[in-house]
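In: let me see the structure of the following:
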Amino acid sequence: MLIGGKRSRREAGTWWWMPIAVLLIAIALEGFSFRTAVTESNHVRGKRSWTEFVRTAKAPELPVILLEDLAALVGLVFALFGVGMTLVTDNGVWDAAGTAAPSTPSPGGNRTTEARTLRDE
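Out: Numbers count the residues shown, from 1 in each chain. This next block holds a predicted model:
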């Protein structure tokens, strides 16, 4: 029963581990995808830094996949933290914070994409 924003641990019952398992599997799969993108990018990147590679790549596919996979991993880690803290503290506010944290705008979030678009026009 949900009372005052809190869900009793008894309600989670024996399935408390399910969201943790789902998030850990998602992190493992996304990590594999990110590792594959890094390996493929290393063939093209040469001796350039990652920042330089993302900003100056002729074909945008690899930088976009790298950044997308990185953002997905960060979001999954925030979600895992939120779910874990919810289970430990028995307070659903942590779950909400873990969900909202990755969507908080970052100061330089889209600057690379904007600069690339302006340069290509």
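In: which SS class is residue 59?
Out: Three-state assignment for residue 59 (DSSP: H, G, I helix; E, B strand; the rest coil): coil.
In: neighbours of it, how many?
Out: 8 (other Cβ atoms under 10 Å). All C-beta atoms are positioned from the backbone trio N, CA, C, and that covers glycine.
In: give me the pLDDT value at it.
Out: Looking at residue 59, its pLDDT is 84.
In: quick check on it: phi, psi?
Out: Residue 59 adopts backbone torsions of phi -100, psi 120, taken as degrees, to the nearest 10.
In: look up how far residue 16 lies from residue 27.
Out: 18 Å (Cβ to Cβ, to the nearest Å).
In: typo on my end, it should be residue 99
Out: For residue 99, the distance to residue 16 - Cβ to Cβ - is 18 Å.
In: more crowded one of residue 27 and residue 16?
Out: The neighbour comparison of residue 27 against residue 16 (other Cβ under 10 Å) goes to residue 27, with 16 against 13.
In: per-residue pLDDT of the more buried one, please?
Out: 96.
In: what strand or helix carries it?
Out: Assigned by DSSP states H and E, residue 27 belongs to helix 18-45.
In: point out where this structure drops to low pLDDT.
Out: Scanning the chain for pLDDT under 70 picks out 1-13, 104-121.
In: now with 90, please.
Out: 1-17, 46, 55-60, 89-92, 94-121 (pLDDT under 90).
In: which residues in it form helices?
Out: Secondary structure of the chain (DSSP state H): helices at 9-12, 18-45, 50-56, 61-89, 93-100, 111-120.
In: what is the burial count for residue 62?
Out: Neighbourhood size, residue 62 [other Cβ under 10 Å]: 19.
In: how near is it to residue 21?
Out: Distance from residue 62 to residue 21, by Cβ to Cβ: 31 Å.
In: can you check residue 48 too?
Out: Distance from residue 48 to residue 21, by Cβ to Cβ: 39 Å.
In: neighbour-wise, which of the two wins?
Out: More crowded of residue 48 and residue 21, by other Cβ under 10 Å: residue 48, with 13 against 10.
In: and for the closest residue in space to residue 78 that isn't next to it in sequence, the neighbour number?
Out: Nearest residue to residue 78, sequence neighbours excluded (Cβ to Cβ, 6 or more residues apart in numbering): residue 101, at 4.4 Å. Burial measure for residue 101: 15 neighbouring residues, criterion other Cβ under 10 Å.
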